[in-house]
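Asks: structure, please.
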Amino acid sequence: MKLYTNLIKSKVIIFLLILNVSYASDIKPVSSFKSSGFVSDFVINENTLYVANDMGIVDVFDIKTKKIINQIILPPLISGKEKLITADILSVDYLNGKLLILSVGKGSYRNVWIYEKNELKQIINEDKKMTIKEARYINDEQIMFGTLGSNIMLHDISENYNLYDEHISNSAMGDMTLSQDKKTMIISDESGTVTLVNVKDSKTLQTFSSQNVDHIFKVAYAHDNIITAGQDRRVGVYQKDKEAYYIKSDFLVFCVGISPSGKTGIYSSGEDSNLQLFNIKTKEKYQRLVGHKGGVINKIMFIDEDKLYSSDRSDTILYWELK
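Replies: Next comes the predicted model:
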């Protein structure tokens, strides 16, 4: 009996040691940034962090001091009851001193703004009745719009004209992301399909549809490697000239990210909104990033192989260092 009791005690001790080592390997955030509203999107340029939120504000942070150094405030909307309401911002992008802002206008149609040299200029208003989901810079003169209805439009800023308007899918758009050189883009939709598109002429280069069977919330793309975040609790992985695969999660996968080299992937995991690192080539799982408070993760952005930022549908952006 004594031998049996000692054996049980030993097993308990071993289990606790393993549990302790497991939690010790979790990565905690190095720092955090508090926005003036619930974060919808963010973009980084050198030592400046631009954070868009649902209060119609882009908070501009100095990354070193973690303090807000500027706020870009969009004009409020007038509701049907003649009340002023804030303009929810959907996406934000930066290029060469110009900030691109996409916001919701009257009737849920979209407004598009460019902020440059402390001046806010509107280039698209809700009168156009466009349902843009994301707006991203291609270059100084062109912007890519992706709509809820899975149309993509290459917009010429100076001419205020769409160079093309191409319907990509019969399913609603889930997400879109550009390659590092902005020559190609990845589009996902509610059917679980992923489409690779040539930015210059909108031609479909390749279609992937084997790893997700439901709505794809987010996609990440680097060096011909594609990762998807699915409502079906799958992380889809597509690599050039290799067999596609998926990782099964125990909860809806709301967001994914990928390192600039395309070697390291990351996805939101579990109800606690932890972030799980994995090796894209070997499928091996690494540490978890633990620090989000349970909100839906809506963006993960690597700035190099070891540093990244992430946000959830709260007022917080977290900064991580993997080393």
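Asks: hang on, Thr86 packs against Pro76?
Replies: Yes - under the criterion of C-beta atoms under 8 Å, Thr86 makes contact with Pro76 at 5.9 Å. For the C-beta atoms, the positions are set from N, CA and C on the backbone; glycine is no exception.
Asks: so those two - more neighbours on which side?
Replies: More crowded of Thr86 and Pro76, by other C-beta atoms under 10 Å: Thr86, with 18 against 13.
Asks: for the more buried one, give me its contacts.
Replies: Shown in contact with Thr86 (C-beta atoms under 8 Å, 6 or more residues apart in numbering): 37, 54-57, 74, 76-77.
Asks: now, these that are in strands?
Replies: Among these, the residues falling in strands (DSSP state E) are 57, 77.
Asks: okay, the contacts of Thr86 in CSV with pLDDT and distance to Thr264 next?
Replies: Converted to CSV, those look like this (pLDDT from 0 to 100; distance: C-beta to C-beta, whole Å):
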residue, pLDDT, distance to Thr264
Gly37, 97, 31
Asp54, 96, 31
Met55, 97, 33
Gly56, 97, 35
Ile57, 98, 32
Leu74, 98, 36
Pro76, 94, 41
Leu77, 92, 41
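Asks: drop anything exposed from the contacts of Thr86.
Replies: Among those, those that count as buried by neighbour count (16 or more other C-beta atoms under 10 Å) are 37, 54-57, 74, 77.
Asks: next, count neighbours for Val30.
Replies: By the other C-beta under 10 Å criterion, the neighbourhood of Val30 contains 11 residues.
Asks: Lys293 now?
Replies: By other C-beta under 10 Å, the residues close to Lys293 number 10.
Asks: what helix or strand does the closest residue to it other than its chain neighbours sit in?
Replies: Distance criterion C-beta to C-beta, 6 or more residues apart in numbering; nearest residue to Lys293, sequence neighbours excluded, is Ser314 at 6.6 Å. Ser314 belongs to no helix or strand when assigned by DSSP states H and E.
Asks: surely Ser314 and Lys34 touch.
Replies: No - at 9.5 Å, Ser314 and Lys34 do not qualify as touching, with contact defined as C-beta under 8 Å.
Asks: comparing the two, which residue is more hemmed in?
Replies: More crowded of Ser314 and Lys34, by other C-beta under 10 Å: Ser314, with 18 against 14.
Asks: wait, what's in contact with that one?
Replies: 38-39, 293, 295.
Asks: before we move on, back to that, and the residue nearest to Lys293, backbone torsions?
Replies: Per-residue torsions, Ser314: phi -140, psi -160 (degrees, to the nearest 10).
Asks: all helices for the chain, in order.
Replies: Defined through DSSP state H, the helices belonging to the chain, from first to last, are 2-24.
Asks: just checking, which helix or strand of it averages the lowest pLDDT?
Replies: Using mean pLDDT, DSSP states H and E, helix 2-24 stands out as the lowest-scoring helix or strand of the chain, at a mean of 44.
Asks: quick one: stretch 134-145 to chain centroid distance?
Replies: Counting by C-alpha atoms, centre = their mean, to the nearest Å, stretch 134-145 is centred 17 Å from the centre of its parent chain.
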